[in-house]
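> Sequence and predicted model, in that order:
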Amino acid sequence: MQNATNSHDKASKLDNIVTPVDDSGAFRSDYEFEQDYWSAADDLFVSVEDYANFLISSFESDALSQEAREERISVITDMSTNPIWECGPDAVDPCPEPYGHSIGWFVFGHEGTLTLHHGGNDRSEGAIGYYQPETGDGGVIFVNSTKGVMVWPKIVDIVDPEQDFQDVFHDVIRKYFNEG
C-alpha cells in the first residue's frame, strides 16, 4: 500500500487522497470536523486503489486458514430481527439469507450469491468495499461528502445494478433519514 496512513500530516502528501467536504460544499481538512463519537477507522486515509488492492488481497491470499476463511463468511449476529436492520413487509423484502455480521464483514445472501460488505463513514465521508467470494466481483466507493452514507447506495445502483445488498441500506436511509 503506497497511499495509506492514519496521520493528517502524511495524508496531505499522498497521491489520490481526497479532501472532505462540509455541508456547504467547502473543502476542509479532515481534522477540522468535530465529531462527538469515537470511531476505530476515523482518520484512516487511503486511496481507492490501495483499498481495492487490500480488499482483493484479503480474499485471494492464502494467508488465512480454511477455517478462518469460513468464519469470515459465517453470520455471528443475525440482523433480520434487529430493530434498525429488520426484514419484513415494511422493510427489506425478501430478506437476504444469510443476513448479518461475521468477523469484520456484513454478510448478505441473494439468490445463492454471497456478498460481503465493509464500510464506514463520519461527518465528512462515506466509504464501502464489497466482494463476492464465488465470482471475485466487487467494488470500492468513496464519497467525500457529509451525505456520503446516503449517496453510496445510489452509486451502487448505477455502477453495479446487478447488486442487491444495498437495498438494506436504502431501507434504513428511508426509515431514519427520510431520504431515499
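Yep, it's here. The shown structure was predicted, so the numbers you read here are calculated from the model rather than taken from an experiment. Numbering: from 1, shown residues only.
> Next one, pLDDT for residue 129 please.
Note for residue 129: predicted pLDDT of 93.
> can you pull out the helices in this structure?
Here the chain has its helices, by DSSP state H, at 8-11, 48-60, 66-72, 148-159, 166-177.
> got these as a markdown table, with distance to residue 130, mean pLDDT and mean neighbour count columns?
Any C-beta I mention is one placed from the backbone N, CA and C, and that applies to glycine too. A markdown table is the format used below for those (distance: least, Cβ to Cβ, whole Å; pLDDT from 0 to 100; neighbours: other Cβ atoms under 10 Å):
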| stretch | distance to residue 130 | mean pLDDT | mean neighbour count |
| --- | --- | --- | --- |
| helix 8-11 | 24 | 64 | 14 |
| helix 48-60 | 8 | 86 | 16 |
| helix 66-72 | 14 | 87 | 12 |
| helix 148-159 | 8 | 90 | 17 |
| helix 166-177 | 9 | 87 | 17 |
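> Out of these, which is closest to residue 107?
helix 66-72 (8.8 Å; Cβ to Cβ).
> circling back to that earlier point, among the helices of the chain, which is nearest residue 138?
Closest to residue 138 of the helices of the chain is helix 48-60 (Cβ to Cβ; 6.5 Å).
> looking at this protein, which helix or strand is least sure?
helix 8-11 (a mean of 64; mean pLDDT, DSSP states H and E).
> Count the neighbours of the nearest residue to residue 3 once chain neighbours are set aside for me.
Closest residue to residue 3 apart from its sequence neighbours, by Cβ to Cβ, 6 or more residues apart in numbering: residue 47 at 3.8 Å. Applying other Cβ atoms under 10 Å, we find 19 other residues in the vicinity of residue 47.
> From residue 144, how far out is residue 47?
Computed as Cβ to Cβ, to the nearest Å, the residue 47 to residue 144 distance reads 12 Å.
> which residues touch the spatially closest residue to residue 167 that is not a sequence neighbour?
Distance criterion Cβ to Cβ, 6+ apart; nearest residue to residue 167, sequence neighbours excluded, is residue 92 at 5.7 Å. Applying Cβ atoms under 8 Å, 6 or more residues apart in numbering, we find residue 92 in contact with 86, 167, 168, 171.
> Return the distance of the second one relative to residue 176.
For residue 167, the distance to residue 176 equals 15 Å [Cβ to Cβ].
> cool, and residue 163?
Shown here: residue 163 relative to residue 176, a distance of 21 Å by Cβ to Cβ.
> What of residue 108?
Taking Cβ to Cβ as the measure, residue 108 and residue 176 are separated by 19 Å.
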